[in-house]
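# What follows is a protein structure lacking sequence information:
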């Protein structure tokens, strides 16, 4: 089997078990609901990034600022030479979102634990409740890289290119969300847009199809076949989206790092933005 294009971004559970107490490594759990996960038990030495409180702006619907990210990294004991290993709940949805945010702000040496919490627990590896208190680090976030993020205006402007086959929109939600049959996934029954459906011309390649049953990623050959069957190839630019940008970060990670796509952006406004706005076209 061919290796992933950037295999260094993935680490396996046995590797993390050996690295958990390495002073040059910071393990980070990223949770949507820390009370149901991190506080119940986490990987030894892992600090917490609360997705709602730490990765998002507290007032606007937006990512945290560059300055806020710098503060988060430093109080988490992360320096510029630290290797960051991310993992989390929901099959690494929010860990992948944090990976995308870190890449957006130019943070290097970031890894994703293949299989996340799910696989770690399935392997009966240790969880602890002790919350580490690391010494402050010196990591500094850099100016945002606009090549990694798509905004509403970008998607609107590029719809003719989608229609012409020059750009691919990948909707990573489930088929019933894509068709408009349901407005939100079962995990978030009250968090939805007013309209169901998808952005015109989008291809539906659900995020879950990139994973094996144990939560680890499928092989490069399997992933290439999955996207290739929908006409998605590395030669054309891609924009991923979902409902709030976390599942699409997961697919963004697959396309950019495992398959090596050079031009792939995440539209984190996603369906809760597009489906709620007056005048935006939809398909069902």
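It's in. As the structure is a prediction and not an experimental result, all values here were calculated from the model.

# Please count neighbours and contacts with C-alpha atoms only from this point.
Will do.

# And the helices in the stretch 1-150 of the chain?
13-19, 51-54, 66-75, 89-104, 116-122 (DSSP state H, counting those that start in this stretch).

# Comparing those by mean pLDDT, which bottoms out?
Lowest mean pLDDT of the helices of the stretch 1-150 of the chain: helix 13-19, a mean of 92.

# Roughly how far does residue 147 sit from residue 162?
18 Å (Cα to Cα, to the nearest Å).

# who's more crowded, these two?
In this view residue 147 and residue 162 are compared by other Cα atoms under 10 Å, and residue 162 has more residues nearby, 19 against 12.

# That one sits in which helix or strand?
Here residue 162, judged by DSSP states H and E, is contained in helix 152-163.

# Out of the helices of the stretch 1-150 of the chain, which is closest to residue 42?
Among the helices of the stretch 1-150 of the chain, helix 116-122 comes nearest to residue 42, with 8.3 Å by Cα to Cα.

# which secondary structure elements does the closest one contact?
strand 83-88, helix 89-104 (3 or more Cα pairs under 8 Å, 6 or more residues apart in numbering; DSSP states H and E).

# mind running it again at 10 Å?
helix 13-19, strand 25-31, strand 83-88, helix 89-104 (3 or more Cα pairs under 10 Å, 6 or more residues apart in numbering; DSSP states H and E).

# how about residue 161, what does it touch?
For residue 161, the contact set (Cα atoms under 10 Å, 6 or more residues apart in numbering) comprises 155, 167, 168, 169, 201.

# ok, now with 7 Å
Taking Cα atoms under 7 Å, 6 or more residues apart in numbering as the criterion, residue 161 is in contact with residue 167.

# swap in residue 210?
217, 218, 223.

# about what we covered before: so which of the helices and strands packed on helix 116-122 is nearest residue 60?
Nearest to residue 60, of the helices and strands packed on helix 116-122 and by Cα to Cα, is helix 89-104 at 16.1 Å.

# need the helices and strands packed on helix 116-122 in JSON lines with distance to residue 7 and mean neighbour count, can you?
Shown next, in JSON lines, are those (distance: least, Cα to Cα, whole Å; neighbours: other Cα atoms under 10 Å):
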{"stretch": "helix 13-19", "distance to residue 7": "14", "mean neighbour count": "14"}
{"stretch": "strand 25-31", "distance to residue 7": "18", "mean neighbour count": "26"}
{"stretch": "strand 83-88", "distance to residue 7": "14", "mean neighbour count": "25"}
{"stretch": "helix 89-104", "distance to residue 7": "15", "mean neighbour count": "24"}
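
# rewinding a little: could you give me the average pLDDT of the helix holding residue 162?
For helix 152-163, the mean confidence score works out to 97.

# Quickly run through the sheet partners of the next helix or strand after that helix, with directions.
Downstream of helix 152-163, the next assigned helix or strand under DSSP H and E is strand 168-171. Strand pairing for strand 168-171, using DSSP bridges, gives strand 203-204 (parallel), strand 238-241 (parallel).

# Which among the helices of the stretch 1-150 of the chain is found nearest to residue 183?
helix 89-104 (19.0 Å).

# Which other helices and strands does the closest one contact?
strand 25-31, strand 83-88, helix 116-122, helix 246-253 (3 or more Cα pairs under 7 Å, 6 or more residues apart in numbering; DSSP states H and E).

# I'd like these laid out as a markdown table, including distance to residue 141.
Formatted as a markdown table, the helices and strands packed on helix 89-104 follow (distance: least, Cα to Cα, whole Å):
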| stretch | distance to residue 141 |
| --- | --- |
| strand 25-31 | 16 |
| strand 83-88 | 14 |
| helix 116-122 | 25 |
| helix 246-253 | 19 |
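
# Which one of these lies nearest to residue 135?
It is, among those and with distance given as Cα to Cα, strand 25-31, at 11.7 Å.

# any chance of the contacts of residue 210 in TSV, with pLDDT too?
Compiled in TSV, these are given as follows (pLDDT from 0 to 100):
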residue	pLDDT
217	98
218	98
223	98
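
# Thought residue 142 was touching residue 106, still the case?
Yes - taking contacts as Cα atoms under 7 Å, residue 106 lies within contact range of residue 142: 5.4 Å.

# List the residues that contact residue 242.
171, 172, 173, 248, 270, 271.

# Quick one: end-to-end distance for stretch 266-273.
Stretch 266-273 end-to-end distance (Cα to Cα) = 14 Å.

# same check, this time on stretch 246-260
Stretch 246-260 has an end-to-end distance of 20 Å (Cα to Cα).
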